[in-house]
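Here's my sequence, what's the structure:
(2 chains)
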Protein chains: 2
Amino acid sequence: MKNASRANPKEIRKRIRRGEWDRPTAGLAPGYAQANLVILPERYAFDFLLFCQRNPRPCPLLEVLEAGRSRTAFLSAGADIRTDVPKYNIYRKGKLERTVKEIREFWRDDFVSFLLGCSFSFEEALLKAKVPVRHIQENRNVPMYITDIPCRPAGRLRGPLVVTMRPLPPGKVPLAVRITSRFPAVHGGPVHIGDPSRIGIRDLQKPDFGDAVTVKRGEVPVFWACGVTPQAVVLKSKPDLCITHAPGHMFIADVTNEELVAWHKEGGFALPPKAPPVRR
Amino acid sequence: MKNASRANPKEIRKRIRRGEWDRPTAGLAPGYAQANLVILPERYAFDFLLFCQRNPRPCPLLEVLEAGRSRTAFLSAGADIRTDVPKYNIYRKGKLERTVKEIREFWRDDFVSFLLGCSFSFEEALLKAKVPVRHIQENRNVPMYITDIPCRPAGRLRGPLVVTMRPLPPGKVPLAVRITSRFPAVHGGPVHIGDPSRIGIRDLQKPDFGDAVTVKRGEVPVFWACGVTPQAVVLKSKPDLCITHAPGHMFIADVTNEELVAWHKEGGFALPPKAPPVRR
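As a prediction, the model looks like this:
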């Protein structure tokens, strides 16, 4: 896509909808939030919503669409989550069945859609503060690991926390903590710093998802809660059907990362959504 | 109860469980959070949980118990929400049927329980900073008003925001905003300051719930989102059955108000709940 990185979210979503963009969305629409997508039949929806409420670090809910609804209201005006994500994974009974560019033909009236925050938001802030982000430097996907930290179970859903890892020079660690802690709606600050074995990770060079990255001599591995956690937990419970975005192929919102910071400070999403009308 | 205000939460809950305390809980266990309670049959639970997710200012969720569960895990260890609240209201089809001291005999396996933050937490902080809280000075219930600000609907649930009002000398308003904004898990900062008619309130002396309080010449009315909002919205939808705490008769948690502040900053409830075990 020409000038994709400078195009606005509406324009990018239009091109995605037309099938003109089916690659990862990293770097597109700088400043704007991107979101993970999980779609489930209604009978699994309460457990999943409760799992997110209990595990907000890996599952920072940004918007939920009721059964059958495919249009977002909060994250964007008029986007259709059936067509506006570059690639979708369709899972049956926990197994990947196929990857598709749109899901209109699979849509059902009982589908409930969940949009969750994504660490792209805080990576942008790290880069601006000159904190190196290794997988971006090496043009790879972020390394992700299954830990032995249990998430809080909810109904039928249970499973371990999945984390991302970014190696940092020790002197950059406090700054990285401060910066990412500003973004609780997109995973927030690290959940662990240092020795990977303390959280059940055996070999940093063998991530469970994504790509391994170089860890230089003297660098400290820093771990953040990862949006793959809810997907892994849901698939483990083998629902009849589950549709997600394909990794790295996110939903691009009209809401900026800084707006998410302000909203979280306000206790979630501020009320009223707009100033009430003046009556005279 | 002798020395009730200095007893710890466990001790107070024990006395409540034994039927030795059935009065309002304001002022008990200073420093500890108190919570609103809403119990609904499972088929209403998704809509209510989603309503809270979309309207966190009036509905700051602290803990949700799955169908049939009556023991809290996060807010306290071992408390039973069927017996540990001083008084309960039982509503059928939206109408108050009776008020009781425990609900064991009404309990059903499909009951889902929701515990929500309460403004008692920030009132304590206001008093410590010498911000006057009029209804406490006048020994009344806080005045509550139905506004014309719509909450974000969720499923079958829709309705207006209900607010509490505390009149303040103009010079105290900025301090009150700063203090209460520190507590987003218990309604957070004001939703409106000044002219009541701007949010659909006609007469401050005629609150919709609670008691009227004196507004002195020159004082500014300040309005906060109120935990009565979710009750009002649920009852409007006329569920077969709904059980709540009786107003002012709250669940007393083992968690302190300052812990709630820290947890919210951590993006909700921090993970891991406890440090992972050291493996050698």
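
quick one: contacts for the closest residue to A:Ser70 other than its chain neighbours?
Closest residue in space to A:Ser70, ignoring its immediate chain neighbours: A:Arg82 at 4.8 Å, by Cβ to Cβ, 6 or more residues apart in numbering or on different chains. Yep, even glycine has a C-beta here, placed from its N, CA and C like the rest. Going by Cβ atoms under 8 Å, 6 or more residues apart in numbering or on different chains, A:Arg82 touches A:70, A:102-104, A:107.

Drop anything exposed from these.
A:70, A:102-103 (16 or more other Cβ atoms under 10 Å in any protein chain shown).

Which ones among the contacts of A:Arg82 lie within helices?
Of the contacts of A:Arg82, none are assigned to helices by DSSP state H.

Go through those and name the one nearest B:Val133.
A:Ser70 (46.4 Å; Cβ to Cβ).

Do I have it right that that closest one meets A:Asp109?
No - using Cβ atoms under 8 Å, A:Ser70 is not in contact with A:Asp109; the gap is 10.5 Å.

Now do the buried residues in stretch A:252-266.
A:252-257, A:260-261, A:263-266.

Okay, helices next: where are they in chain A?
Listed in chain order, the helices of chain A (DSSP H) span A:9-17, A:45-54, A:120-128, A:134-137, A:173-181, A:228-236, A:257-265.

quick one: which of these is nearest chain B?
Comparing those by their distance to chain B (Cβ to the nearest Cβ), the top pick is helix A:45-54, with 4.4 Å.

That closest one - contacts with which helices or strands?
Other elements packing on helix A:45-54 under the criterion 3 or more Cβ pairs under 8 Å, 6 or more residues apart in numbering or on different chains; DSSP states H and E are strand A:61-65, strand A:111-117, helix A:228-236, helix B:45-54, strand B:61-65.

tell me the contacts of A:Pro86?
Here A:Pro86 is in contact with A:16, A:21-25, A:101, A:245-246, A:249 (Cβ under 8 Å, 6+ apart).

my guess is A:Pro169 contacts A:Glu219, does it?
Yes - the pair formed by A:Pro169 and A:Glu219 meets the contact definition of Cβ under 8 Å, at 5.9 Å.

quick one: which of these two has more around it?
A:Glu219 (17 against 13; other Cβ atoms under 10 Å in any protein chain shown).

What is the nearest of the contacts of A:Pro86 to chain B?
Nearest to chain B among the contacts of A:Pro86, with distances taken as Cβ to the nearest Cβ, is A:His245, at 20.3 Å.

returning to that earlier point: worst mean pLDDT among the helices of chain A?
Confidence, taken as mean pLDDT, is least for helix A:257-265 of these (a mean of 84).

Give me the below-cutoff pLDDT ranges for the stretch 101-250 of chain A.
Counting by pLDDT under 70, the stretch 101-250 of chain A contains no low-confidence segment.

So which residues on it come close to chain B?
A:147-152, A:154-155, A:161, A:181, A:184-185, A:187-189, A:191, A:197-200, A:225 (Cβ under 8 Å from any Cβ of the partner chain).

Now, of the residues you listed, which are buried?
Among these, those scoring as buried are A:147, A:149, A:151-152, A:154, A:161, A:184-185, A:187-189, A:191, A:198-200, A:225 (criterion: 16+ other Cβ under 10 Å).

Mind checking which of these land in strands?
When DSSP state E defines the strands, the subset of those inside them is A:147, A:149, A:161, A:225.

related to what we said a few turns ago, tell me which two in the contacts of A:Arg82 are the farthest apart.
Of all pairs drawn from these, the one with the longest distance (Cβ to Cβ) is A:Ser70 and A:Glu102, at 11.0 Å.

Can you tell me which of the ones in strands among the buried ones among the residues of the stretch 101-250 of chain A next to chain B is closest to A:Leu62?
A:Ala225 (14.9 Å).

pLDDT score for the closest residue to A:Arg15 other than its chain neighbours?
If the residues on either side of it in the chain are set aside, A:Arg15 comes closest to A:Trp21, at 5.0 Å by Cβ to Cβ, 6+ apart. For A:Trp21, the model assigns a pLDDT of 94.

What is the neighbour count of the residue of the stretch 1-150 of chain A found nearest chain B?
Of all residues in the stretch 1-150 of chain A, A:Pro56 sits closest to chain B, at 3.0 Å by Cβ to the nearest Cβ. For A:Pro56, the count of nearby residues is 25 (other Cβ under 10 Å).

Could you do A:Gly248 as well?
Neighbours around A:Gly248, by other Cβ under 10 Å: 17.

Can you give me every residue that contacts A:His135?
A:141-143, A:166, A:210-211, A:213.

can you count the residues close to the residue lying closest to A:Val234 once chain neighbours are set aside?
Leaving aside its sequence neighbours, A:Val234 sits nearest to A:Cys242 (Cβ to Cβ, 6+ apart; 5.7 Å). A:Cys242 has 23 neighbouring residues, counting by other Cβ under 10 Å.

With A:Pro60 instead?
Neighbour tally, A:Pro60, other Cβ under 10 Å: 28.

does it really touch A:Leu116, like I thought?
Yes - assessed by Cβ under 8 Å, A:Pro60 is found in contact with A:Leu116 at 5.8 Å.

which residues are common contacts for these two?
Common neighbours of A:Pro60 and A:Leu116, using Cβ under 8 Å, 6+ apart, are A:Cys52.

Please report how far the spatially closest residue to A:Ser76 that is not a sequence neighbour lies from chain B.
Using Cβ to Cβ, 6+ apart and skipping the chain neighbours, the partner closest in space to A:Ser76 is A:Asp254 (4.1 Å). A:Asp254 is 17 Å from chain B, where distance means Cβ to the nearest Cβ, to the nearest Å.

re earlier: now the residue nearest to A:Arg15, what are its backbone angles?
phi -140, psi 110 (degrees, to the nearest 10).

What distance do you get for it to A:Ala262?
29 Å (Cβ to Cβ, to the nearest Å).

what about A:Arg158, distance to B:Asp47?
24 Å.

Same drill for the two, tell me which one is more crowded.
Ranked by neighbour count (other Cβ under 10 Å), A:Arg158 and B:Asp47 place B:Asp47 first, with 21 against 14.

residue contacts, the residue nearest the centre of chain A?
Residue closest to the average C-alpha location in chain A (Cα atoms, centre = their mean): A:Cys118, at 3.0 Å. A:Cys118 makes contacts with A:33-36, A:186, A:227, A:250, as judged by Cβ under 8 Å, 6+ apart.

at 10 Å instead, please
A:25-26, A:33-37, A:60, A:62, A:186-187, A:226-227, A:245, A:248, A:250-251, A:253 (Cβ atoms under 10 Å, 6 or more residues apart in numbering or on different chains).

ok, how many other residues are close to the closest residue to it other than its chain neighbours?
Excluding the flanking residues, the one nearest A:Cys118 by Cβ to Cβ, 6+ apart is A:Gln34, at 4.9 Å. Per other Cβ under 10 Å, the neighbour tally for A:Gln34 reads 26.

what does A:Asn139 give?
8.

I'd say it and A:Val133 touch.
No - with contact defined as Cβ atoms under 10 Å, A:Asn139 does not reach A:Val133; the gap is 11.2 Å.

Any chance you could give me stretch A:116-125 in CSV, C-alpha atoms only?
Written as CSV, here are the backbone C-alpha positions of stretch A:116-125 (Å, rounded to 0.1, in the frame of the first residue of the first chain):
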residue,chain,number,x,y,z
LEU,A,116,-8.6,-6.3,23.1
GLY,A,117,-5.6,-4.0,23.4
CYS,A,118,-2.3,-4.8,21.7
SER,A,119,1.3,-4.0,22.6
PHE,A,120,1.9,-2.2,19.3
SER,A,121,0.6,0.8,21.2
PHE,A,122,3.4,0.9,23.8
GLU,A,123,6.2,-0.2,21.4
GLU,A,124,5.6,3.1,19.6
ALA,A,125,6.1,4.9,22.9
